[in-house]
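*Asks:* below: sequence and its predicted model.
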Amino acid sequence: MDYEEFFQEASEREIVLPLDHFSGSAPHRLSNEALFHLPLLAMTILLLSKTRRKPKSDELGQLIGECFERTFSGFKGSSQHLGWSANLRMRTVKALTFLETVSLVEVDRHDSRIKATEFGKKIVSKAIDVQSDLGYTLQLIERNYFDIQIEKQIAMDLE
């Protein structure tokens with residue numbers, strides 16, 4: 001049976017496919033829960049803590065939220081400000097606690113800056129170097145973190 005015969009026979013037999021329940025594919029939007037998985041948060045913290053400008057522990061949730069908004073297309077132009085999400089901040093604390101427990105990061109007691117240990121730097125560098133979705137995403141997050149820092153510096157210079 002070819003294409004023409006198929007549709008001819010379907011119309012002769014009056015075959016109807018109900019499509020009432022099919023609404024098409026929904027646009028791919030990320031919910032807050034989709035990004036709050038501890039492994040992704042932990043890798044992001046490791047990534048930010050290995051840079052030259054180490055994040056402070058009290059600004060970490062806000063920074064991660066801003067980086068995710070800029071990195072993941074599902075949040076670009078969204079009214080959801082992830083940096084203010086209480087759920088994100090709580091999970092960020094859990095991820096930071098995990099990283100401290102396994103000695104991948106250290107929090108400086110004097111200025112509360114988060115610094116990656118040598119082992120932590122090796123892990124995140126290896127993840128970035130591998131040609132994978134994770135490596136690409138981490139590179140985007142790192143670039144967006146640098147952009148945020150530059151924007152903050154420019155804003156301070158203007159004041």
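*Replies:* Yep, it's here. Numbers count the residues shown, from 1 in each chain.
*Asks:* tell me the spacing between Val105 and Pro55.
*Replies:* Separation of Val105 from Pro55 (C-beta to C-beta, to the nearest Å) stands at 10 Å. For every residue, glycine as well, the C-beta is placed using N, CA and C.
*Asks:* in terms of neighbours, single out the busier of those two.
*Replies:* Each of Val105 and Pro55 has its neighbours counted (other C-beta atoms under 10 Å); Val105 has more, 26 against 21.
*Asks:* excluding chain neighbours, what is closest to the more buried one?
*Replies:* Once flanking residues are discounted, Val105 sits nearest to Leu99: 4.4 Å by C-beta to C-beta, 6 or more residues apart in numbering.
*Asks:* part of a strand, is the one you found?
*Replies:* No: counting by DSSP: H, G, I helix; E, B strand; the rest coil, Leu99 is not part of a strand but helix.
*Asks:* list the residues that contact both of Val105 and Pro55?
*Replies:* Contact with both Val105 and Pro55 is made by residues 49, 114, according to C-beta atoms under 8 Å, 6 or more residues apart in numbering.
*Asks:* for the residue nearest to Val105, give me its contacts.
*Replies:* Residues near Leu99 by C-beta under 8 Å, 6+ apart: 42, 45-46, 105, 120.
*Asks:* any of these buried? List them.
*Replies:* 42, 45-46, 105, 120 (16 or more other C-beta atoms under 10 Å).
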